[in-house]
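> 3D model of this:
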Amino acid sequence: MTDAVEAPATTPASGAEPAPSQAPAVEQPNTPPAAAPQPAEEGSKPEAPVIPEKYEFSNLPEGYTLDEAALGEWSGVFKELGLTQEQAQKLVEMDAKRYTAANSPEAQRQAAIEARNSHVAQWETAVKQDKELGGAKLAESLSIAQKALTDFGTPELSAMLKESGLGSHPEVVRFFHKVGKELSEGKLHRAATDVPAERSIAERMYPNYPK
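As a prediction, the model looks like this:
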């Protein structure tokens, strides 16, 4: 006995495509409608910044001052820019901070060191280019000057010339070079002088007063 084949419950019409299955509808979230922009009230305007008739500044660091001339000049610029008192105060405080940093003891010491080094560099260049001292004679000239400083100077003088940088000054080098040359040529001698007798204060103050 042959197995029977079950026919489908419904048979589509001849030549017709089967109907597509319907997807379940997706529920949309309840989104409230966007609020419509509210019209501005008639006659309302943005609040204008308050520009003072006269700017006044306080709580400035010690040493930083604004005289009347500077204050008048600054005030004119502030008013032209339309700055309020608070805005102008911030600008002045920034300038005061810059001024204080530039004039601090540390900054002044650094500036002095830089000025000293700049001067020494200029003096050394001048010595190297000097017709009498520099060029091919530079090493010999410095040796002669150094010997004169050693013979006639003191350790304190040498230290002062080195720390101040004056030992590199062309005229200082020239002076000790001249002394050293005259010493080497026998033209300069240390003269022995008599030690003057001790005189009283009255004799020193009134040398012409009869004894």
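
> Can you give me the domain assignment for the protein?
49-103, 119-184 (automatic domain parsing).

> In TSV, list those along with distance to residue 111 and mean neighbour count.
Every C-beta, even on glycine, is put in place using the N, C-alpha and C of the backbone. Listed next are these as TSV, based on distance: least, Cβ to Cβ, whole Å; neighbours: other Cβ atoms under 10 Å:
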stretch	distance to residue 111	mean neighbour count
domain 49-103	9	13
domain 119-184	13	15
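
> Tabulate the ones you listed (TSV), appending distance to residue 110 and mean pLDDT.
Formatted as TSV, those follow (distance: least, Cβ to Cβ, whole Å; pLDDT from 0 to 100):
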stretch	distance to residue 110	mean pLDDT
domain 49-103	10	88
domain 119-184	15	93
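
> can these go into a markdown table with extra columns for distance to residue 113?
Converted to a markdown table, the domains of the chain look like this (distance: least, Cβ to Cβ, whole Å):
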| stretch | distance to residue 113 |
| --- | --- |
| domain 49-103 | 15 |
| domain 119-184 | 10 |
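
> Go through those domains and name the closest to residue 109.
Among the domains of the chain, the nearest to residue 109 by Cβ to Cβ is domain 49-103 (11.6 Å).

> next helix or strand past the helix ranked longest in the chain?
Counting by DSSP state H, the longest helix found in the chain is helix 105-129. Of the helices and strands lying after helix 105-129 in sequence (DSSP states H and E), the nearest is helix 138-152.

> Export that next one to CSV, keeping only CA atoms.
Taking C-alpha atoms only, helix 138-152 is exported to CSV below (Å, rounded to 0.1, in the frame of the first residue of the first chain):
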residue,chain,number,x,y,z
LEU,A,138,98.4,88.0,22.6
ALA,A,139,99.9,85.1,24.6
GLU,A,140,103.1,87.0,25.3
SER,A,141,101.3,90.2,26.3
LEU,A,142,99.1,88.4,28.7
SER,A,143,102.1,86.6,30.2
ILE,A,144,103.9,89.9,30.8
ALA,A,145,100.8,91.5,32.3
GLN,A,146,100.2,88.5,34.6
LYS,A,147,103.8,88.6,35.9
ALA,A,148,103.4,92.3,36.8
LEU,A,149,100.1,91.6,38.6
THR,A,150,101.8,88.8,40.5
ASP,A,151,104.8,90.9,41.5
PHE,A,152,103.0,94.1,42.5
